[in-house]
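Trainee: please work out how this folds:
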Amino acid sequence: MADLSVRLSEIELKLRKLVSLKNQLVEYNGELVRQNEELQRKVEILHAENEELKDKLNKTTIVNALGNEKEIEESRQLIKTLVKEIDQCVAILNAEQ
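Mentor: From the prediction side, this is the model:
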């Protein structure tokens with residue numbers, strides 16, 4: 001009977017250790033879940049910021065491209081004007097000879 005009582009005490013001690021370990025693991029798991037949720041929120045925020053920056057970059061690229069097209073067109077007009085003036089000067093010189 002004493003042997004049975006000792007074995008029951010050992011089983012009870014092991015059971016208490018297992019319950020204690022289970023409680024620690026549940027607490028640790030809860031902490032990991034909270035950390036995971038926080039990291040997921042950060043990832044979502046970073047994705048949103050990334051999309052905003054992509055939009056800004058695209059808009060900036062488009063604006064720069066349009067600005068360059070305007071500058072190119074203005075340069076072409078200036079060159080045409082200068083060529084016309086040169087042609088007029090050549091015509092005047094030819095007429096004087």
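Trainee: what separates the one helix or strand Glu51 maps to from the chain centre, distance-wise?
Mentor: Per DSSP states H and E, Glu51 falls inside helix 2-96. From the chain centre to the centre of helix 2-96 is a distance of 0 Å (CA atoms, centre = their mean, to the nearest Å).
Trainee: quick check: mean pLDDT of that helix?
Mentor: Per-residue pLDDT values over helix 2-96 give a mean of 90.
Trainee: number of residues surrounding Arg34?
Mentor: Using other CB atoms under 10 Å, Arg34 is surrounded by 10 other residues. (Each C-beta comes from the backbone N, C-alpha and C, glycine too.)
Trainee: also Lys56?
Mentor: Other residues close to Lys56 by other CB under 10 Å number 10.
Trainee: do the same with the one 3 residues further on
Mentor: Look at Lys59: counted by other CB under 10 Å, it has 10 neighbours.
Trainee: can you check Gln40 too?
Mentor: Gln40: 10 neighbours (other CB under 10 Å).
Trainee: mind listing what it touches?
Mentor: Applying CB atoms under 8 Å, 6 or more residues apart in numbering to Gln40 gives no contacts.
Trainee: quick check: it vs Val26, distance?
Mentor: 21 Å (CB to CB, to the nearest Å).
Trainee: brilliant, that's me finished.
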